[in-house]
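> here is a sequence together with a model predicted from it:
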Amino acid sequence: MLRRSSLSLSKLLHRHPVGRSPRPKSPIPVVTLATLSNPRSFHQFSRPTIADSATRFSIPNHSRQFSAETDREVDKINLKFAEAREEIESAMDSKETVYFNEEAECAREAVGEVLELYEGLLRRLPEGERASIQRAMGLKIEQLKAELAQLNE
C-alpha cells in the first residue's frame, strides 16, 4: 500500500510540477537581514528600556500643546505619580507586618506631594489649559486617591 501511494504521488508531481509561488503580501512587517542592519528600522523592533518605564504614565507628546514650563511640571507630576504608586504597592505588600505603618506613612506623603503639585499646577493655569490638564490627568489622580483610600481601610 505504501509503495502504491508513493508511486501515485510521484506520478502526480510529474504531471503537475510545483513551480515557485509568488511571494505572499502580508500586513505584518517582515524582519529581514537588511532590516536588522539598518539602525533606523531596527529601532521599531527593539525592546523597551528601563528609561521607558518612567514615561509609561505620561501624556503622549502629540496631545500636548502647553508651554515648556507646563510640560516640565506635568513630567514632574507623572514621575511623582509613578513613585507614589510604587509606595502604595509596597505598603499593600507589607500589610499585617510590623513595617506597615512606616510604609503607609511614606505612601501618604508621596500621594500628598502629587496632589499638592497637581492642584498647584491647576491653580496657575488659565481655564483652557486647566481643562485640558484635568482631562489628561484627572483619572490618574482619582485612581491615586482611591488606592490611598484602600490603603487606609
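Structure received.
> pull the residues that contact stretch 119-128.
Here stretch 119-128 makes contact (CB atoms under 8 Å, 6 or more residues apart in numbering) with 70, 73, 74, 77, 130, 133, 134. For the C-beta atoms, the positions are set from N, CA and C on the backbone; glycine is no exception.
> closest one to residue 109 out of those, please.
residue 77 (15.4 Å; CB to CB).
> can you tell me how far the closest one is from residue 144?
11 Å (CB to CB, to the nearest Å).
> check residue 106 too.
Residue 106 sits 14 Å away from residue 144, going by CB to CB.
> more crowded one of these two?
Shown here are residue 106 and residue 144; by other CB atoms under 10 Å, residue 144 has more neighbours (21 against 17).
> next one, pLDDT for the more buried one please.
According to the prediction, residue 144 has pLDDT 93.
> does it touch residue 85 like I think?
Yes - using CB atoms under 8 Å, residue 144 makes contact with residue 85 at a distance of 7.0 Å.
> check which element follows the helix or strand of the chain with the lowest mean pLDDT along the chain.
Every helix and strand in the chain was compared by mean pLDDT, DSSP states H and E; the lowest is helix 50-54, with a mean of 48. Where DSSP states H and E defines the elements, the next helix or strand beyond helix 50-54 is helix 68-93.
> what's that next one packed up against?
If you count contacts as 3 or more CB pairs under 8 Å, 6 or more residues apart in numbering; DSSP states H and E, helix 68-93 packs onto helix 100-124, helix 127-152.
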